[in-house]
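Colleague: Compute the structure for the input listed below.
(2 chains)
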Amino acid sequence: MSRIPWVPETTEPLPRVGESEGLLTWAASVDHKQIGIMYFIAALSFFCIGGLEALLMRIQLSRPDNNFIDPELFNQLFTMHGTTMVFLVIMPFLIGLGVYLIPLMIGARDMAFPRLNALSFWVVVFGGLLLYYPFITQSGATDVGWFAYTPLSEKPYSLNNGPTYWALALLCTGIGSVASGINNIITIITLRAPGMTMRRIPLFVWLLLVTSFLLAFAIPILNAGLVTLLLDRILEANFFAPSSGGSAILWQNVFWGFGHPEVYILVLPAFAIICEVIPVFSRQPIFGYGFMVGSAIAIGLLAFGVWGHHMFAVGLGVPFNTYFSLASMLIAVPTGVKIFTWIATMWGGKIYFATAMMFATAFVIEFVIGGLSGVAFAAAPLTWQLTDSYFVVAHIHYVLFGGSMFAIFAGIYYWFPKWTGRMLSERIGKCHFWLMLIGFNLTFLFQHMVGLLGMPRRVYTYPDLPSWNWLNLLSTIGACVLGFSVLIFIFNIFFSLRKGKIAGNNPWNAWTLEWLAASPPPVHNFDEVPRIHSARPLWDLAHPDMPDEPESFNTGVTR
Amino acid sequence: MELTSVFNPSSPQAWAIANLGIFMIIIAGTILAIIIVLVTFISYRFRRKPGDDEEPRQVYGNEKLEIVWTIIPFLIVAALFIFSVITMVKVNPSSAIIEDQKPDLVIIGHQWWWELHYPKSGVVSANEIHIPVGKKMLVRLESIDVIHDFWVPEVARKIDLVPGHPNYMWLEADEPGIYLGQCSEFCGIAHAHMRLRVIAHHQEEFDVWEKGQLYVPPTPRSGEAGKGSKLFKEKACMNCHSIAGTDAVATVGPNLTHLATRTTIGAGTLLNTPINLAKWLKNPKGFKPGALMPNMKLSDDEVNAIVAYLEALK
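Modeller: Sure, this is the predicted structure:
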């Protein structure tokens, strides 16, 4: 009788991360750079899907009483568009950017918890699949709006499974986001290079640290709310059902308690990108590092106390409206500090307008437009006309597209050489930039006006009222231009991956540590990390005779 | 149709909000203009000249300047806040008034129409709010199902109709006319067709309208209309609608007692003409997808009879 081995003997070792180029090395990777790139790919894919949803809506709204799309599908489209862009596009883009760059910027080999990092990414992807699954089933995707107001999202009014999948999907992405936040915080606190005090970390890392606290403390509010909503939908718990003694308004408090910090989760990392791009292309240090950090912390703290401005039309009384008006308006102060700081950083510099800098400059203006209309919403009486109209649609897109997405594009043009070793084509990039700038403003500038003329958001069709028709048509044309510019961008990626100029370690002559590593960086990032003496270590290496300010909180100094 | 606009106010409340809006536009416009000019100027003036590879003077900040641009936005915000609080008080009824006064009008939101009660006179109507010019109407807003939102930009603030949480607002119009509005909080499939209009009359005309609404139209016994009134009972119309002076007392759908006096049907979906009414009866969902009114599969004769009956309800 022959001996049968208990365990089959392995003749060759299992593939290990970084050893070969196969798909498994990506799927099984715990390397922060690979995970960062996978975040990017996932976000870009969902960006295309979400953009397509938006285009379909714009076609339906191009003329009054149009019948291109029925309301059932239209309601699914705007709900999925909002959810996708917030949770599966902007968040993964920004978190992915952080995951890729934080260890490189602080001179670390990886995140503090590499496996947790991989888990965060994969639950976000799983959440995305869960969200889209009911689209292909008979019940259809969720159709109750991206903030899923109760009782509309409750069983008696939404019998399909869409909202249940929506809640489960966001619970998944939410768990991933909380883990990312915690991972970032611990990485930044514990893995900094020797000599890199908290006053010497790049502003990008500072702003991501603030964002990570928001992730870790705001997302659990949403998660709790989603579980409660699921209890209502599956077990008939009636937390949010007024007909059975629940409260419709409770959900709004929970959702916006998360939702407003979420706005800063989507915007602070955008600020972080701009804080890197503007100084490097203006050839100046940031004008007032201390004020930049301080204003970010102020925004992070205020973010938790302003959710009520989403609820001014609910009718919650004078004390509620007064407090939330004041608190929301106060956010304008630290935000203004940031805008002025960027402008002052450009002043007196020698500005090189690469595509990244063009996006960053456009960001400043677009974000000011979104920020100013945001201040209007902080004034409760103005919300009593403008909320839930197309004016608010214009506002959020100036903040999240003109703001976050423009910053993300600036970041992609800036860091793509680091990720791939090749430059994105500047010529195609400029084409992309101008078309996107025109398309974006054409789409959303006029939505301010159609909102002031009384058009509510989330209507699948509208009557033929004066000016509504041509304003909507212009908006649709703008959306098509915008869509075309995205195609150019995607073409640029594929083109430049093959034919792009070889980047070298530091193509922009930048100053933070990631540019010390090879492009793309090896698995271990650095062979050796120099001792850090300032917030601009590569400046110090290049200019030993004129080193950077050792403590960047000191301001008022000129060299 | 007149242009509807936030900046075309026709009530003291809407005026107060529009004034704040103009103040906001002036502030925001000035700031935006300054920033656009600054950024454009800097982009031109401080752009890198080709071949100039020398690093510029390194400026790390200026504490005084930074304190100045922290304080200036603070002052602007303070002014805006004070103006906002003053506007809030102007626009809303005080809590003392809400406690003491009986509302002049109660609006109840339904998926997807507006139920209207005038408690002082007992008038019941739907989707078209008649008010006398120059009278401050205290309005109570409720919802029977999901959250809706009252928005008629020219005559009142926007306010939600929340189930289990009644709200109050002032409704007033300075000039007679028709003011268009619609539900502004997404409330389900037919949200886009939940429109409403405020029709403001001079007091005398309003009194005539109110008297007309209290009149109970006689039920026709003969002819097409008489046939229609029978069909109204047999075809289950009365399971959802009510008509004063008959056995139909249900409140699921709009009260039809004076349907013929209204300008639209289906909450502003179609103009109220006999032809449109016939089309609507044959296929409500064809005009208002998602409408809860079923297609009763009526024959042409039946439709004509019911239209004749409804047209007699004045």
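Colleague: Report the contact partners of the residue nearest to A:Gly478 when sequence neighbours are not counted.
Modeller: Spatial nearest neighbour of A:Gly478, excluding adjacent residues (CB to CB, 6 or more residues apart in numbering or on different chains): A:Leu442 at 2.9 Å. C-beta here means a position set from N, CA and C on the backbone, and glycine is covered the same way. When contacts are counted by CB atoms under 8 Å, 6 or more residues apart in numbering or on different chains, A:Leu442 is found next to A:Leu474, A:Ser475, A:Ile477, A:Gly478, A:Val481, A:Leu482.
Colleague: Repeat that for B:Gly109.
Modeller: By CB under 8 Å, 6+ apart, the residues touching B:Gly109 are B:115, B:141-148, B:150, B:161, B:183, B:187.
Colleague: quick one, longest helix in chain A?
Modeller: helix A:248-282 (DSSP state H).
Colleague: gap between the following helix or strand past that helix and the chain center?
Modeller: Downstream of helix A:248-282, the first helix or strand assigned by DSSP states H and E is helix A:289-302. Distance, stretch centre to chain centre, for helix A:289-302: 19 Å (CA atoms, centre = their mean, to the nearest Å).
Colleague: check contacts around A:Met449.
Modeller: Counting by CB under 8 Å, 6+ apart, A:Met449 touches A:Ser467, A:Leu471.
Colleague: Nearest to chain A among the contacts of B:Gly109?
Modeller: Using CB to the nearest CB, B:Val146 comes nearest to chain A of the contacts of B:Gly109, at 4.3 Å.
Colleague: surely that closest one meets A:Pro156?
Modeller: No - contact criterion CB atoms under 8 Å: B:Val146 and A:Pro156 do not qualify, at 9.3 Å.
Colleague: ok, back up a step: and the contacts of A:Leu442 as a markdown table, adding neighbour count and distance to A:Trp415?
Modeller: Formatted as a markdown table, these follow (neighbours: other CB atoms under 10 Å in any protein chain shown; distance: CB to CB, whole Å):
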| residue | neighbour count | distance to A:Trp415 |
| --- | --- | --- |
| A:Leu474 | 18 | 34 |
| A:Ser475 | 23 | 32 |
| A:Ile477 | 15 | 32 |
| A:Gly478 | 21 | 28 |
| A:Val481 | 17 | 26 |
| A:Leu482 | 24 | 23 |
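Colleague: so what does the helix or strand harbouring A:Thr83 touch, helix or strand wise?
Modeller: For A:Thr83, the host element (DSSP H and E) is helix A:71-83. Under the contact criterion of 3 or more CB pairs under 8 Å, 6 or more residues apart in numbering or on different chains; DSSP states H and E, helix A:71-83 touches helix A:32-60, helix A:114-132, helix A:162-190.
Colleague: rerun that using 6 Å as the cut-off
Modeller: helix A:32-60 (3 or more CB pairs under 6 Å, 6 or more residues apart in numbering or on different chains; DSSP states H and E).
Colleague: how big is the angle separating the helix it packs on from helix A:162-190?
Modeller: If you take axes from the mean of the first three to the mean of the last three CA atoms, to 10 degrees, helix A:32-60 sits at 140 degrees to helix A:162-190.
Colleague: per-residue confidence averaged over helix A:32-60?
Modeller: Averaged over helix A:32-60, pLDDT sits at 97.
Colleague: How far does the longest helix of chain A sit from its chain's centre?
Modeller: 8 Å.
Colleague: And for stretch A:352-369?
Modeller: Distance of stretch A:352-369 from its chain centroid, counting by CA atoms, centre = their mean, is 17 Å.
Colleague: hang on, the earlier thing: what distance do you get for the residue nearest to A:Gly478 to B:Gly228?
Modeller: Distance, A:Leu442 to B:Gly228, by CB to CB, to the nearest Å: 52 Å.
Colleague: what's the answer for A:Trp342, then?
Modeller: Note on A:Trp342: its distance to B:Gly228, by CB to CB, is 71 Å.
Colleague: which of the contacts of A:Leu442 sit farthest apart?
Modeller: Maximum pairwise distance among these (CB to CB): 12.4 Å, between A:Leu474 and A:Leu482.
Colleague: got CSV for the contacts of B:Gly109, with pLDDT and secondary structure too?
Modeller: Conversion of those to CSV gives the following (pLDDT from 0 to 100; DSSP: H, G, I helix; E, B strand; the rest coil):
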residue, pLDDT, secondary structure
B:Glu115, 97, strand
B:Leu141, 97, strand
B:Glu142, 97, strand
B:Ser143, 97, strand
B:Ile144, 95, coil
B:Asp145, 94, coil
B:Val146, 96, coil
B:Ile147, 97, coil
B:His148, 97, strand
B:Phe150, 97, strand
B:Leu161, 97, strand
B:Cys183, 96, coil
B:Cys187, 96, coil
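Colleague: which one of the residues you listed is nearest A:Thr461?
Modeller: Closest approach between these and A:Thr461, by CB to CB: B:Cys183, at 13.8 Å.
Colleague: What separation is there between that closest one and A:Gln252?
Modeller: Taking CB to CB, one finds B:Cys183 at 17 Å from A:Gln252.
Colleague: Counting neighbours, go ahead and name the busier of those two.
Modeller: Taking other CB atoms under 10 Å in any protein chain shown, B:Cys183 and A:Gln252 do not tie; B:Cys183 has more neighbours (30 against 25).
Colleague: And the more buried one, how far from A:Ser389?
Modeller: Distance from B:Cys183 to A:Ser389, by CB to CB: 12 Å.
Colleague: Repeat that for A:Tyr149.
Modeller: Separation of A:Tyr149 from A:Ser389 (CB to CB): 16 Å.
Colleague: Please identify which of the two sits among more neighbours.
Modeller: Of the pair A:Tyr149 and A:Ser389, A:Ser389 is the one with more neighbours under other CB under 10 Å, namely 25 against 22.
Colleague: which residues does the residue lying closest to the more buried one once chain neighbours are set aside contact?
Modeller: Nearest non-adjacent residue to A:Ser389, counting by CB to CB, 6+ apart: A:Gly451, 3.9 Å away. Residues near A:Gly451 by CB atoms under 6 Å, 6 or more residues apart in numbering or on different chains: A:Ser389, A:Tyr390, A:Phe391.
Colleague: can you map out the strands along the stretch 101-250 of chain B?
Modeller: Per DSSP state E, counting those that start in this stretch, the stretch 101-250 of chain B carries strands over the ranges B:105-110, B:113-118, B:123-126, B:128-132, B:137-143, B:148-150, B:159-161, B:167-171, B:177-182, B:195-201.
Colleague: Export those strands as JSON lines, with columns for distance to B:Pro217.
Modeller: Putting those into JSON lines (distance: least, CB to CB, whole Å) gives the following:
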{"stretch": "strand B:105-110", "distance to B:Pro217": "23"}
{"stretch": "strand B:113-118", "distance to B:Pro217": "18"}
{"stretch": "strand B:123-126", "distance to B:Pro217": "14"}
{"stretch": "strand B:128-132", "distance to B:Pro217": "18"}
{"stretch": "strand B:137-143", "distance to B:Pro217": "26"}
{"stretch": "strand B:148-150", "distance to B:Pro217": "29"}
{"stretch": "strand B:159-161", "distance to B:Pro217": "30"}
{"stretch": "strand B:167-171", "distance to B:Pro217": "28"}
{"stretch": "strand B:177-182", "distance to B:Pro217": "24"}
{"stretch": "strand B:195-201", "distance to B:Pro217": "20"}
